[in-house]
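**Q** compute the structure for the input listed below.
(one chain, ligands or ions: 2)
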Amino acid sequence: MHRRFLVPGALAAASVLLAIPASAAGASPGAPGIGDPYYPAYGNGGYDVSHYDLRLTYRPETDELAGTATILARTTEDLSSFDLDFLLDVAEVRVNGATAAFASSGEHELVVTPKVPLAKGTPLTVVVRYSGVPSTKSAYGFSTWHRTPDGAVAADEPESAWWWFPSNDHPLDKATYDVSVAVPDGTQAISNGTLQSTTSRLGWTRWTWRQNKPQATYLATLALGRFDISTGTSEGGVPVVNAYSRNLGDNEGAARASVERTGEIVDWLSGVFGPYPFASAGGYVPNTTTGFALETQSRVYYSPRQFANGSNTSVVVHELAHQWYGDSVSVKGWKDIWLNEGFARYAQWLWSEHEGEGTAQELADYVYASHPADDAFWTVKPGDPGADRQFDIAVYDRGALAVQALRNEIGDEAFFAVLKGWPASHAYGNADIADFRAYAEQVSGKSLGALFDTWLFQPAKPAGPAARSGLTARATVVQPRSWKKIAATNGVHEH
Ligand code: TRP
Ligand code: ZN
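**A** Ligands and ions are numbered 1, 2, ... in the order given. This is a model prediction of the structure:
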C-alpha cells in the first residue's frame, strides 16, 4: 500500500480512475479462448455463465432463426470487454440493462464492450438480440447446422452452439437452460430436459423446454421439424420423451425398436453407474443424412442411418452411458475425452455381456488381438490423443481396453465401486483423467500410475500379460457376436 505512492504519476492516474469503479481500474479484455490447448479459441475468459434463457422463432422454409438470448453470468476478473462465441447477426447487446458496443472478430467471436468496465465478481445479465439463417454461416470453413427437408438440427461435437445461441462455448462453463422456440403449427421444436409447455396462437406453436441441471454448451440441442413424440416413464421412475421424424422411411421401425428401449436401458445403466442424473431422458431421430449419434444431455441425437441394418440397442447404451460419463461429469479439457468415450464404449461391452453376446473380457481380447503391434491404432494415446485424433477409433476401443485393464488390476469389487462412485463424486461438474486416477486409487487402495501410463499415455501396444495372462499365446480371437452392432456406433469416424 505504501509503495504505491512511490510510483511517479500514481496520484494523477488515481484521479482519472475515479470515473470508473475503483476495483475495475485495471480492467482488460477477457481472453478470446478459455484456455484449452486443443481448441485455443473455444470458450472465453473472464466470466462464468450460470443460465441461458433463449426465446426464439424459427421458420422451417427459410431457415430463419431469430430471438433473444438472456445470459446470466458473473465476472471472474476485471473486464473492459468480453467475448461470446456466435455466428448469427446481432442487432443489440445489453449488459446489466445498458446497451453495449459489439463487434465480430476471429472465426466465431462476438466482442462485447460495456459502457463501463466490469469489476471481478460482478453479476451480469447479458441480453443479445439476434437473427440469421444458420445454414449460411460457417467458421473455419465448416458448418454443423444440419438442415433437413422440414427444418434443421443443432447437434455436433465439440461445436454446435455458434449456429444458434451466443455462449461461452466450452464444457468447463456449464449452465442451466430455458429454451423456448415458436414454430409454425404442425412443426415441433425438440430440446433438452423437460417439456414445460406448448402453447398455440395465430398459427404458431411455442415449445418451452427446461434443463435444470448444468449442461455443457455442446450438449445443448435443438431440433425443428415434423416429429412424432412419445412419452412414458421408466420402471425405475425416470420420465422419458422420445421424438421421431415423420420422414424416416424404412428406418422408422428399427429406430423406434431401439430408442423406445431408452427407459429399460436407463434403468439398467442406473444399476451400474448409480441414479440417473437428470429429470428426463430420451432421444430423437431427425431426418438428417449424418451418420453419428451424440449424447446431447437428456435428449440423445440419433442419425437414422444408425438403424439402417435393423435395431441397435448398443448405440442407445453408448449415448445413455454418456449421461453419466460426459454429461453429468464433463471433461475439464478436450484432452480428457477418454473419460467420455472410453466409458461409453465400455458400457456397450457390459451390455453385450448382459445380452449374452460376448463378455467384456472377450471384447477386450478381440480388440487387443485385432491390432498387431505395428498398427497405427497403438500410436494414439487415449489419454491425450490430440485435437485431430480426439475421436479416433482408438479413443473408443483402446480406451475401453484401458477400462478393462483397470478392472483386471483392481478386481471387480473395487472396479464396480469406482464405476458407480465416480459419477456421484463429480456430479454436474468437471473432471480430468488425473482426478479419475486419484479416485480409482482412493477406492482401490492401489497405486495405478504405471497402469494408466501404459494403457492411456504410451504410443505403443501394451504387453499382453497386462491385458490378460496367456492372451498373447492365442493367435486369433473369435469376433464376439455383439461386435458389429458395437462398431456401428462409430459413424463419426467415417466422416
Ligand atoms: N460423442 C459422440 C459419440 O461417440 C461421437 C462424436 C464425436 C460426434 N464427434 C462428433 C458426434 C461430432 C457428432 C458430431 O457418441
Ligand atoms: Zn460417445
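
**Q** and the gap between Y325 and ligand 2?
**A** Distance, Y325 to ligand 2, using CB to the ion, to the nearest Å: 9 Å. Heads up, the C-betas are built off the backbone N, CA and C, glycines and all.

**Q** contacting residues for that residue?
**A** By CB atoms under 8 Å, 6 or more residues apart in numbering, Y325 lies in contact with 273, 339-340, 343-344, 347, 422-423.

**Q** now, among the residues you listed, which is nearest to V126?
**A** Closest to V126 out of these is N340 (29.2 Å), distances taken as CB to CB.

**Q** could you check which helix or strand contains the closest one?
**A** helix 338-354 (DSSP states H and E).

**Q** do P40 as well
**A** Per DSSP H and E, there is no helix or strand for P40.

**Q** ok, the residue nearest to G342 when sequence neighbours are not counted - how many residues close by?
**A** Among residues not flanking G342 along the chain, G399 sits closest, at 3.0 Å (CB to CB, 6 or more residues apart in numbering). Neighbours of G399 under the rule other CB atoms under 10 Å: 28.

**Q** break this structure into its domains for me.
**A** 23-138+151-186, 330-487 (automatic domain parsing).

**Q** so how far is the helix holding N340 off the chain centroid?
**A** Taking CA atoms, centre = their mean, to the nearest Å, the mean C-alpha location of helix 338-354 is offset from the chain mean by 17 Å.

**Q** quick one: list the elements packing against the helix or strand following that helix.
**A** The helix or strand immediately downstream of helix 338-354 is helix 360-370, counting by DSSP H and E. Applying 3 or more CB pairs under 8 Å, 6 or more residues apart in numbering; DSSP states H and E, one finds that helix 360-370 makes contact with helix 338-354, helix 393-425, helix 464-467, helix 483-487.

**Q** and the next helix or strand after the longest one, what does it pack against?
**A** Sequence-wise, the next helix or strand downstream of helix 393-425 (DSSP H and E) is strand 429-431. For strand 429-431, the contact count by 3+ CB pairs under 8 Å, 6+ apart identifies strand 329-331 as packing neighbours.

**Q** and the strand it packs on, what's buried?
**A** The neighbour-count check on strand 329-331 (16 or more other CB atoms under 10 Å) flags 329-331 as buried.

**Q** hmm, it touching ligand 1?
**A** No: applying CB under 6 Å from any ligand atom, one finds strand 329-331 separated from ligand 1 by no less than 11.2 Å.

**Q** which residues sit in contact with the closest residue to ligand 2 within the chain?
**A** Relative to ligand 2, the nearest point of the chain is A344 (4.2 Å; CB to the ion). Listed by CB under 8 Å, 6+ apart, the contact set of A344 reads 295, 318-319, 321-322, 325-326, 396.

**Q** tabulate these (CSV), appending secondary structure, distance to P171 and pLDDT.
**A** Putting these into CSV (DSSP: H, G, I helix; E, B strand; the rest coil; distance: CB to CB, whole Å; pLDDT from 0 to 100) gives the following:
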residue, secondary structure, distance to P171, pLDDT
E295, coil, 12, 98
H318, helix, 18, 98
E319, helix, 17, 98
A321, helix, 17, 99
H322, coil, 12, 98
Y325, strand, 13, 99
G326, coil, 9, 98
Y396, helix, 19, 98
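
**Q** sorry, back to before: show the contacting residues for the residue nearest to G342.
**A** So G399 contacts 338, 341-343, 345-346, 382, 456 (CB under 8 Å, 6+ apart).

**Q** helix or strand for the closest residue to W422 other than its chain neighbours, which one?
**A** Computed as CB to CB, 6+ apart, the closest residue to W422 that is not its neighbour in sequence is Y439, at 5.8 Å. Taking DSSP H and E as the criterion, the element that holds Y439 is helix 433-444.

**Q** buried residues in the helix or strand just after that helix?
**A** Next in sequence after helix 433-444, counting helices and strands by DSSP H and E, comes helix 449-452. Buried residues in helix 449-452, counted by 16+ other CB under 10 Å: 451-452.

**Q** can we start the residue count at 14 from this point?
**A** Fine by me, first position is 14 from now on; the one you just mentioned is helix 462-465.

**Q** so what touches helix 462-465?
**A** So helix 462-465 is contacted by 396, 415, 418-419, 422, 446, 450, 479 (CB under 8 Å, 6+ apart).

**Q** just flag the most distant two among these.
**A** I446 and A479 (18.1 Å).

**Q** the two: which is more packed in?
**A** Using other CB under 10 Å, the more surrounded residue of I446 and A479 is I446, with 22 against 17.

**Q** for that one, what are its contacts?
**A** Neighbours of I446 in contact, by CB under 8 Å, 6+ apart: 348-349, 351-352, 396, 465, 469.

**Q** swap the cut-off to 6 Å and go again
**A** Contact analysis of I446 by CB atoms under 6 Å, 6 or more residues apart in numbering lists 349, 396.

**Q** quick check, pLDDT for I33.
**A** I33 is assigned 53 on the pLDDT scale.

**Q** mean confidence for whatever helix or strand S144 lives in?
**A** Taking DSSP H and E as the criterion, S144 maps to strand 136-145. Across strand 136-145, pLDDT averages out at 98.

**Q** quickly run through the sheet partners of it, with directions.
**A** strand 77-88 (antiparallel), strand 102-108 (antiparallel) (DSSP bridges).

**Q** so of those strands, which one's packed in deepest?
**A** Of all the strands paired with strand 136-145, strand 77-88 carries the top mean neighbour count, a mean of 19, counting by mean count of other CB atoms under 10 Å.

**Q** and the next element down the chain from it?
**A** Following strand 77-88 in sequence order, the next helix or strand is strand 92-98 (DSSP H and E).

**Q** quick one: mean pLDDT for that following strand?
**A** 98.

**Q** ok so, going back, relative orientation of the helix holding Y452 and helix 351-367 in degrees?
**A** 50 degrees (axes from the mean of the first three to the mean of the last three CA atoms, to 10 degrees).

**Q** give me the angle between helix 446-457 and helix 406-438.
**A** 60 degrees.

**Q** how about the residues of this structure near ligand 1?
**A** 169-170, 305-308, 331-332, 354, 404, 505.
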